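Undergrad: Next comes the sequence, and after it the predicted model I'd like to discuss.
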Amino acid sequence: MTAFRPHRRSVLGASALAAMGLLAACSTSTTGKSGGSDGGGAGGGQNTMWYWPEGFDEKIISAVQEKFPEAGFSQVIQGGDFKQKLQTTLQAKSGLPAITGIKGEDIAFFKSVPEYFVDLNTLGAEDKKGEYLDWKWEQATTTDGKQLGIPIDIGPTALFYRFDVFEEAGLPADPTELGEAITEWDALFEMGKKLQEKDSETYLLRNLAGVFDYARRQSGKAFIDESGTFIGAEEHVRHAWDLAVSAHEMGINAALDSNTADTAAMVASGKLPADFGASWHLADLIVDAPDTSGKWHVTTHPGEATNQGGSFLGIPEGGTEDPELALEIIFEILSAQNLATEYTHSGNFPANIGSFDTPEVTGEVEFLGGQVASEVFSAAAEHVRPLFEDSRDGTVGAPFWAQLTEVEASGKDPETAWNDAVKEATRLAEQNGVKVD
């Protein structure tokens with residue numbers, strides 16, 4: 001049975017109680033240095049790898065050190081704003097690591113400055129492409145074919161739910177039956193109404209932002225298209241907005257911010273018995289509601305599968321005198337078996353296809369009532385619709401989330417909120433060099 005150690009967005013393992021004692025130990029790597037700015041690289045003669053506080057499993061790091069004893073490899077944990085620290089170091093061209101993690105939410109930005117990274121295809125990386133999910137590989141590929149990173153993990157999304165609460169409300173509780181019953185968003189929302197009829201203080205949705213984001217991602221589009229043109233006022237965004245608003249009008253939205261004490265209390269009490277998330281979201285649920293172990297299942301959510309998160313390993317330009325060796329180390333870290341091990345360590349679902357059938361990934365999950373969760377996530381992974389993202393999407397799209405918050409928190413008229421969101425997003429697009437038709 002696969003058991004997970006809870007560390008929010010991170011470490012998974014044997015049991016909730018045992019894991020909580022490991023949280024501090026997981027904040028730094030015993031195989032590298034904590035914090036600091038010395039990257040090693042060409043100047044230091046060390047094959048250091050920068051990573052954020054979650055870190056790779058120590059077993060993986062130790063195995064790599066044993067396989068490459070002369071490389072001087074170590075994992076260096078960088079706290080704080082990882083993107084900012086990496087960006088500053090790349091620009092300074094000093095203290096560079098030989099290898100660095102690149103977060104999925106930052107890859108669009110770093111693709112806009114590809115000169116800071118080694119094109120891994122010049123080292124033969126493309127020969128290994130078939131071992132990884134193609135859509136995730138392509139997320140780190142520039143428009144002119146440079147490969148900036150090798151995929152570590154993915155975040156195929158699903159619906160986590162309390163099957164005991166659903167059963168009490170007369171709703172489908174079996175993962176397959178529920179998944180088949182909620183292929184459309186409206187069907188899921190109707191279940192939210194039934195939960196409310198059973199208990200007026202029980203809500204199906206955490207907040208409107210979640211519905212909006214998932215529905216928008218299902219279109220395969222964001223707020224800026226491949227030509228650098230603003231598309232935030234188009235049908236795919238409006239459809240996602242209308243779905244979120246309909247949930248608000250049905251009264252099935254708890255209007256809760258994520259990662260707060262109020263949210264944790266609602267999850268723990270069963271008053272928020274369902275939540276969207278990627279595989280790593282299981283760790284959030286374990287942290288928020290450890291006493292509910294065995295009462296959860298996971299199934300497909302309405303519409304197409306989307307991806308939330310998933311990072312890469314790349315090689316900074318000038319960070320090492322031996323980029324070929326650095327790439328060998330990367331592929332060793334990201335082998336099928338090592339990423340299967342990392343899944344039990346962090347809950348991050350592997351991007352290496354060979355990991356899918358390993359015992360670590362296919363094991364039953366105790367917190368999910370003994371369900372084989374990987375069956376849901378691997379199926380979703382194979383059908384994720386790729387999403388084009390521009391580095392300016394976050395800035396341009398922010399007004400839509402802000403206005404949805406106004407709708408759910410203060411009752412702002414949804415149509416007025418939409419118009420205000422489009423107006424502000426258009427202004428930000430023009431201000432940031434995005435074409436506006």
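TA: Arrived safely, thanks for sending. Numbering: from 1, shown residues only.
Undergrad: neighbours around residue 117, how many?
TA: 23 (other CB atoms under 10 Å). Heads up, the C-betas are built off the backbone N, CA and C, glycines and all.
Undergrad: okay, the residue nearest to it when sequence neighbours are not counted: pLDDT?
TA: Spatial nearest neighbour of residue 117, chain neighbours left out: residue 148 (4.6 Å); criterion: CB to CB, 6 or more residues apart in numbering. For residue 148, the model assigns a pLDDT of 98.
Undergrad: Same check on the one 4 residues further on?
TA: If you check residue 152, the pLDDT there is 97.
Undergrad: Would you mind listing the residues in contact with it?
TA: 101, 310, 311, 312, 313, 334, 339, 342, 348, 351 (CB atoms under 8 Å, 6 or more residues apart in numbering).
Undergrad: and those residues as a markdown table, adding pLDDT and secondary structure?
TA: Shown next, in a markdown table, are the contacts of residue 152 (pLDDT from 0 to 100; DSSP: H, G, I helix; E, B strand; the rest coil):
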| residue | pLDDT | secondary structure |
| --- | --- | --- |
| 101 | 98 | strand |
| 310 | 92 | coil |
| 311 | 96 | coil |
| 312 | 98 | strand |
| 313 | 98 | strand |
| 334 | 98 | coil |
| 339 | 97 | helix |
| 342 | 93 | helix |
| 348 | 88 | coil |
| 351 | 96 | coil |
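Undergrad: Please identify which of those residues is nearest to residue 380.
TA: Comparing those against residue 380 with CB to CB places residue 310 closest, at 12.4 Å.
Undergrad: in terms of contact, does the closest one touch residue 350 like I think?
TA: No. Using CB atoms under 8 Å as the test, residue 310 is too far from residue 350 to be in contact (9.8 Å).
Undergrad: Mutual contacts of those two, please.
TA: Contacts common to residue 310 and residue 350, judged by CB under 8 Å, 6+ apart, are 153, 154.
Undergrad: More neighbours: which of the two?
TA: Using other CB under 10 Å, the more surrounded residue of residue 310 and residue 350 is residue 350, with 33 against 26.
Undergrad: give me the beta-bridge partners of the more buried one?
TA: residue 153 (DSSP bridges).
Undergrad: I'd say it and residue 362 touch.
TA: No. Residue 350 is beyond contact range of residue 362, at 11.6 Å (criterion: CB under 8 Å).
Undergrad: quick one: common contacting residues for these two?
TA: Joint contacts of residue 350 and residue 362 (CB under 8 Å, 6+ apart) are residue 356.
Undergrad: Give me the buried subset of the contacts of residue 152.
TA: 101, 310, 311, 312, 313, 334, 339, 342, 348, 351 (16 or more other CB atoms under 10 Å).
Undergrad: what residues are up against the first one?
TA: So the one you mean is residue 101. Per CB under 8 Å, 6+ apart, neighbours of residue 101: 49, 50, 51, 52, 82, 152, 311, 312, 313.
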